[in-house]
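Q: sharing a sequence plus its predicted fold:
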Amino acid sequence: MKTIKSLMLMMLMVFVGGVICSCGDDKDDDNGGITGTYTLHCTISDPGTLPEQQAAIMKQALEQKVNKEMPNITLELAKKALDIAIDDAIAYGTYDDQEYNFTIEFYITDANGNKVYSRSIVVKDGKATKK
C-alpha cells in the first residue's frame, strides 16, 4: 500500500511540475521560439527485484496517469517540466520503505514519437536517486 501511495504522490508531482512550467512567462527565446507537441511518458524501465505482477501494475498505473501531451510548447520548457517532476518525485516520494530495487523512466517524445529527452529515478535499498 505504501508503494501505491508513493507512486500516486510521484504522479501528482509530475502534473504539478507540468502546470508550473506551462504557466511560466511567454518569452519564446528558448529553442529559437519553435514550439511543437511533446508527450511526457513514465514507465518502469527496469523492474529489478519487483515481482512481475507488481511491476506490471505499477507500469500500467504510471502509463495511464502520467502520460500527458503538451501541445504548443518548446522543447526546453518540456525538459524543464520533466526535470521539476523528477525532483519533486524524489523530494516528496517515500522510498525508505521500499524493499525492492527498480528504475522508473520519465521521457519526452516529439510529435513523430521519437524520444528526445529522458531521465530516470533509480530506487535501490530504500534510496531514490535521479540519473
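A: Good, I have the coordinates. Because the structure is a prediction, the values reported are computed rather than measured.
Q: next, count neighbours for the residue nearest to Tyr95 when sequence neighbours are not counted.
A: Once flanking residues are discounted, Tyr95 sits nearest to Ala128: 4.2 Å by C-beta to C-beta, 6 or more residues apart in numbering. (Each C-beta comes from the backbone N, C-alpha and C, glycine too.) If you count neighbours by other C-beta atoms under 10 Å, Ala128 ends up with 20.
Q: Ala128: which element?
A: Using DSSP states H and E, Ala128 falls within strand 127-130.
Q: which elements pack onto that strand?
A: Here strand 127-130 touches helix 75-92, strand 115-124, going by 3 or more C-beta pairs under 8 Å, 6 or more residues apart in numbering; DSSP states H and E.
Q: the closest residue to Ile34 other than its chain neighbours and Pro47, how far apart?
A: Once flanking residues are discounted, Ile34 sits nearest to Thr74: 6.6 Å by C-beta to C-beta, 6+ apart. Separation of Thr74 from Pro47 (C-beta to C-beta, to the nearest Å): 33 Å.
Q: who has more neighbours, those two?
A: Thr74 (20 against 17).
Q: quick check: bridge partners of Thr109?
A: Thr39, Lys115 (DSSP bridges).
Q: OK, contacts around Asn101?
A: Asn101 is in contact with Gly48, Thr49, Val122, Val123, Lys124, Asp125, counting by C-beta atoms under 8 Å, 6 or more residues apart in numbering.
Q: dihedrals phi and psi, the nearest residue to Asp125 once chain neighbours are set aside?
A: In space, and not counting its chain neighbours, Asp125 is closest to Asn101: 7.0 Å by C-beta to C-beta, 6+ apart. With angles defined as degrees, to the nearest 10, Asn101 sits at phi -110, psi 130.
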